[in-house]
Every structure is written in structure tokens, then in C-alpha cells.
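# any chance you can model this:
(one chain, ligands or ions: 1)
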Amino acid sequence: MNSDDFRRHGHELVDWIAEYLEHSDRYPVLSRVRPRDIVNALPRDAPEDPEPFAEIMRDFERILVPGLTHWNHPGFMAYFAITGSAPGVLADFLSAALNQQAMLWRTSPAATELEEVTLGWLRRLVGLPDAFEGVIYDTASIATMHAIVAAREAAVADVRAKGLARADVPPLAVYCSDQTHSSIDKAVIAVGLGHESLRKIPSNDRFEMRADLLREAIGRDLAQGVLPIAVVPTVGTTSTTSIDPVNDIADICAEHRVWMHVDAAYGGAAAMLPSHRHMLAGAERADSLVINPHKWLFTPFDLSAFYSRRMDVMRAAFTLTPEYLQTTEAGSVRNLMDTGVQLGRRFRALKLWMILRTYGARQLRALLAEHIRLAACLAAWIDAHPDFERLAPVPLSVVCFRWNPRALRLTEAQLDAANERLVQLVNESGEIFLSATRLRGRLTVRVAIGHIRTTEAHVQRVWHLLLQSSSQLNPTG
Ligand code: PLP
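The predicted structure follows:
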């Protein structure tokens, strides 16, 4: 592709993207393709000869676009609703062109230092102290896995050299709540602690970890010769966005010298709001913490901000410089490869920098506050309706509830089936995409608000669709 062709196709593509970002709601939000439709529509072998870009784009439109579930659609209210905002899209475009690989400071001084600057900006915006050093990973799952490695490094002498299969290393334990994201499970599996080393502490009726039961569990383990190495409280759990009592948990961690890793992947951004700053109370005492700008800060997937007050421990676990990567600056600069498994890393800070500058903190706060307001509106409509039942508090922008017409006296099994059908009916509309979860065994409908173009009209629409679809349910039939 010569530069004239690049310009031409680039301009066409930018036009396509601009149209898409403005009108993504012209597509059904949840893809309607069936499994293997995409595979079957594409040739088995790569082309031997060049193909015109226009033809590739035609296939993109014809075959791939129908197979897209539109996360950048204002009716996307499943899981956590996210946004690939325009400045973030431009930054990723530029990042691909620059093709920076910031393993060493010298392989990209700009990417290395911009990462430090933008993560410093974000840290101050959410009110974390300067003692936290930041590094960007792709996802919170990977960030958390690194935190567990650091906790292991801090707790077990010589673990890097000698591993865990030794007579002088007791069984290790990690603690989280029964609401914690499955990435913690995967982290203990990946780090070789074994899934059984993870203790899921029961949550209270607000789905917050019970600090008293955490204390008991740690005491029980210590009495049996098990070594507690990490506790993972969550600020904004996946199902209900509940906030664990981080301060109480920090007291327990300090008492037992256990690493505290705060999973603020979703909820951390809300601490930008003075009204919600308290949600990170106690997090300043964490050993590490993760916030996902790709969840609720309008950043195209993927960008996860990991912070630690003990990055020296992370470096002790991971610094390993083969001959070919030795540099004269070593010691006087940050080499990002020293803070994790990954060697190469792309220029992700560019998109966070462009987003923070393009919107400015005031507008970002206003967007987050609006999402929280919209969730509160929906919660109020649900509470006022006799046939709907809210199943969790709404501390942030996710509402959990179910259809439950009390007069019909439905069994739990009937309610589960009816609510599953309700989600299916709403999703068939193509206008809104919802997902479900289970809370205390009950099938729970979730409405997650977080896309930049989601307005009150969209929230009214989802409520209307829920009412209309529930009138079609026939749970006893
Ligand atoms: N933590 C929480 C609370 C989550 O809800 C999720 C995903 O939704 C994760 C961590 C994992 O995020 P990622 O996809 O960045 O690994």
C-alpha cells in the first residue's frame, strides 16, 4: 500500500468510523449471527495474490459487521457498558502507525515517560497518594495476576529462585469475597498456588465482604499452619458493584502483614467524583490496586492501570535482563519490561493522555455522575412498580432486579425461567443488550449504564421494553 493509497483508504476509513461512532445504534446491538457463520463465509486459505483494499472492506461490511456485538452502542447495557471514545480511537490509530515497543526506556522514551505522567494524572484524579507507582497492563486480570506474584514474592523467601515445592514453604492462602471477579481465581491458578488456596469470604446482604469473617478465616488458617499472603477487596464488584470495606480489610492486612490488592477495575473511576471519593477510602493503604480506564473511563479496550506502593517487590520478582537488552542507562531510567511477564508493550498511554486532555476532568466527572443519576432513575422506577423487585443496592451505575409479580406467587424456579426469558425478549429487540447474573441463587437481570452516548431516553426505552416484554411472559403456562 503506497502512501497515496494509504491516504485514500485512510480517509475513507475515518469517514466510516465517524459515521459508526455517531450512528452505531443503527445496528442490532447484540450480533444475530449463528455460530460458525463467519468461519463459513470466509475462505479456508489466505490469498496467494494481493487483493484490493476496497474488496477487503466490502467483505468487512458484508461478513464481519453482522458478526459484531456493538460494545460502542448506547443500548449496550450488559456486563459493564464501556466506550471506545473518539479521541481514544484516534490515539490507537496513531499508536499503530508509530508501532512503539516500550520494553526499555530507550526503545520508547516517549511511551515510557508518558505512561508515568498519565498514570500520575489518573492517580491524582482518584485521590491516591504519590507513593503509588503506576504501570499499564492490558487487562485487570493480568494486573491482578501480577499482584499475586508480588504477594508471593513478599511472603516467601527465595520463591523466585526456588519456587514453592519445598519442605520449608507452608501452604499459602489468598482471600476475596464470594462476589469477587473470577480473575482472582485464575490468578491463583496461574501463579501455582492452586485453586483451593483461594478462600471466598461470605458477603453481607449488601454483597460486601464480611471483614469479621475474613479475620476469622485468617485466624483459622494461621492456626493450621497456612500462610495468608494476599487479600483482594473489590471496589465495584462485577454483579452488583458493591464496595468491600477496604479500610477494615486494610487493618486486618496490616496486622498480619498480608498484601492487599484492591480490585477497583470498575469502581475506581467513580472516585474522581467528590461525592464518591469515599469509595476508595482505605485504598491508600493498599499494596497494589487496579483501575480499568477501558471499563468506565471512555478508553478503547484495552488499558488497565495498575498501581503499587511496592513496585520494588514487583521488580524483584520480574527483573531479568538478557545480554541483548543491557543498556547504559540501566539504573537511571524505568524499563517497563522489569514490571511484569510481558517484554514488549505498546503505546497505550497515548490514548489515556488524549482522552484526559480532550474531555478534561470536569467533563469526565459530569459523564460519570450522569451515569450514576440514570441508574438511580431506573432503580426508582423499579422500586415504584409492584411487579418488579430490586435485588441489590445501586452504589454506582448498575441496577440488579427481577420481574416478580407477587400476586402470581411464582416459585423460585418459575421466576428464574421467566426472568431469563425476559432478558432474551429485550435482547431480541436489537435496541438494548442486557445480561443476567445470579444473586443468592436468584436469576437477576442487570442493567449496566456506562456508554458515553447513553442518555435518559435509552434508559426510558429499556424500562419500556422490560414492561412490554414482561407482559408477554407466561410463567405458569
Ligand atoms: N475485576 C472486576 C471487578 C471485573 O468486573 C472484571 C471484568 O469485568 C475484571 C476484574 C477483569 O477485567 P479485565 O477484562 O480487564 O481482565
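
# hmm, Thr107 and Thr327 touching each other?
No - in this structure, Thr327 is not within contact of Thr107 by C-beta atoms under 8 Å, at 9.3 Å. The C-beta positions use only the backbone N, C-alpha and C, and glycine is treated the same way.

# these two: who's more crowded?
Ranked by neighbour count (other C-beta atoms under 10 Å), Thr327 and Thr107 place Thr107 first, with 18 against 14.

# how about the more buried one, nearest residue that isn't a chain neighbour?
Distances taken as C-beta to C-beta, 6 or more residues apart in numbering put Gln101 closest to Thr107, at 5.6 Å, once the chain neighbours are dropped.

# tell me the SS of that neighbour?
Secondary structure, DSSP: H, G, I helix; E, B strand; the rest coil: Gln101 is coil.

# how does the protein divide into domains?
Domain assignment for the chain by automatic domain parsing gives 1-30+69-83+360-477, 101-346.

# does the first one come close to the ligand?
The reference is to domain 1-30+69-83+360-477. Yes - counting by C-beta under 6 Å from any ligand atom, the ligand is contacted by domain 1-30+69-83+360-477 at Phe80.

# so for that domain, first residue to last residue, what's the gap.
61 Å (C-alpha to C-alpha, to the nearest Å).

# check the last one too.
Taking C-alpha to C-alpha, the first and last residues of domain 101-346 lie 5 Å apart.

# is it anywhere near the ligand?
Yes - counting by C-beta under 6 Å from any ligand atom, the ligand has neighbours in domain 101-346: 139-141, 181, 183, 234, 236-238, 263, 265-266, 292, 304.

# what about those, which are in strands?
Those of those mapping onto strands are Asp263, Ser304, per DSSP state E.

# closest to Glu19 among the residues of domain 101-346 next to the ligand?
Ranked by distance to Glu19 (C-beta to C-beta), the residues of domain 101-346 next to the ligand are led by Asn292 at 27.8 Å.

# need the pLDDT of Asn474.
Per-residue confidence (pLDDT) for Asn474: 89.

# that one and Val29: what is the separation?
Remark: distance between Asn474 and Val29 (C-beta to C-beta, to the nearest Å) = 26 Å.

# more neighbours, the two?
Just comparing Asn474 and Val29: by other C-beta under 10 Å the higher neighbour count belongs to Val29, 24 against 7.

# so what's the more buried one up against?
By C-beta atoms under 8 Å, 6 or more residues apart in numbering, the contact set of Val29 is Thr69, His70, His73, Gly75, Phe76, Gly430, Glu431, Ile432, Phe433.

# can you tell me the SS state at it?
Val29 is classified as coil under three-state DSSP.

# equivalent analysis for Glu255, please.
helix.

# and it, how far from Met1?
Per C-beta to C-beta, Glu255 is found 61 Å from Met1.

# count the residues that sit near Val39.
9.

# OK, contacts around it?
By C-beta under 8 Å, 6+ apart, Val39 lies in contact with nothing.

# now it: which helix or strand?
Val39 is part of helix 37-41, with elements assigned from DSSP states H and E.

# so which elements touch whichever helix or strand comes after that helix?
From helix 37-41 onward toward the C-terminus, using DSSP H and E, the following helix or strand is helix 53-59. For helix 53-59, the elements it packs on are helix 3-23, judged by 3 or more C-beta pairs under 8 Å, 6 or more residues apart in numbering; DSSP states H and E.

# starting at the chain centroid, how far to stretch 29-48?
Averaging C-alpha positions (C-alpha atoms, centre = their mean, to the nearest Å) puts stretch 29-48 28 Å from its chain's average.

# how about stretch 466-477?
Distance, stretch centre to chain centre, for stretch 466-477: 33 Å (C-alpha atoms, centre = their mean).

# same question, stretch 298-314
The chain centroid and the centroid of stretch 298-314 are separated by 12 Å, computed with C-alpha atoms, centre = their mean.

# likewise stretch 2-9?
With C-alpha atoms, centre = their mean, you get 36 Å for stretch 2-9.

# go on, stretch 288-295?
7 Å.

# now do the end-to-end distance for that stretch.
Per C-alpha to C-alpha, the first residue of stretch 288-295 is 19 Å away from its last.

# how about stretch 374-392?
Length of stretch 374-392, first residue to last, C-alpha to C-alpha: 16 Å.

# in it, what's buried?
Leu374, Ala375, Leu378, Ala379, Ile382, His385, Asp387, Phe388, Glu389, Arg390, Leu391, Ala392 (16 or more other C-beta atoms under 10 Å).

# same check, this time on stretch 97-107
Judged by neighbour count (16+ other C-beta under 10 Å), stretch 97-107 contains these buried residues: Gln100, Ala102, Met103, Leu104, Trp105, Thr107.

# which one among the residues you listed gets closest to the ligand?
Using C-beta to the nearest ligand atom, Ala102 is the member of these that sits closest to the ligand, with 19.7 Å.

# ok, Met279 - contacts?
Neighbour list for Met279: Val235, Gly236, Ile243, Gly267, Ala270, Ala271, Pro395 [criterion: C-beta under 8 Å, 6+ apart].

# want to throw the residues you listed into TSV with neighbour count and distance to Leu227?
TSV is the format used below for the contacts of Met279 (neighbours: other C-beta atoms under 10 Å; distance: C-beta to C-beta, whole Å):
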residue	neighbour count	distance to Leu227
Val235	30	26
Gly236	28	29
Ile243	26	28
Gly267	27	29
Ala270	28	34
Ala271	22	32
Pro395	22	33
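
# ok, those residues vs the ligand, which is closest?
Among the contacts of Met279, and counting by C-beta to the nearest ligand atom, the member closest to the ligand is Gly236, at 5.9 Å.
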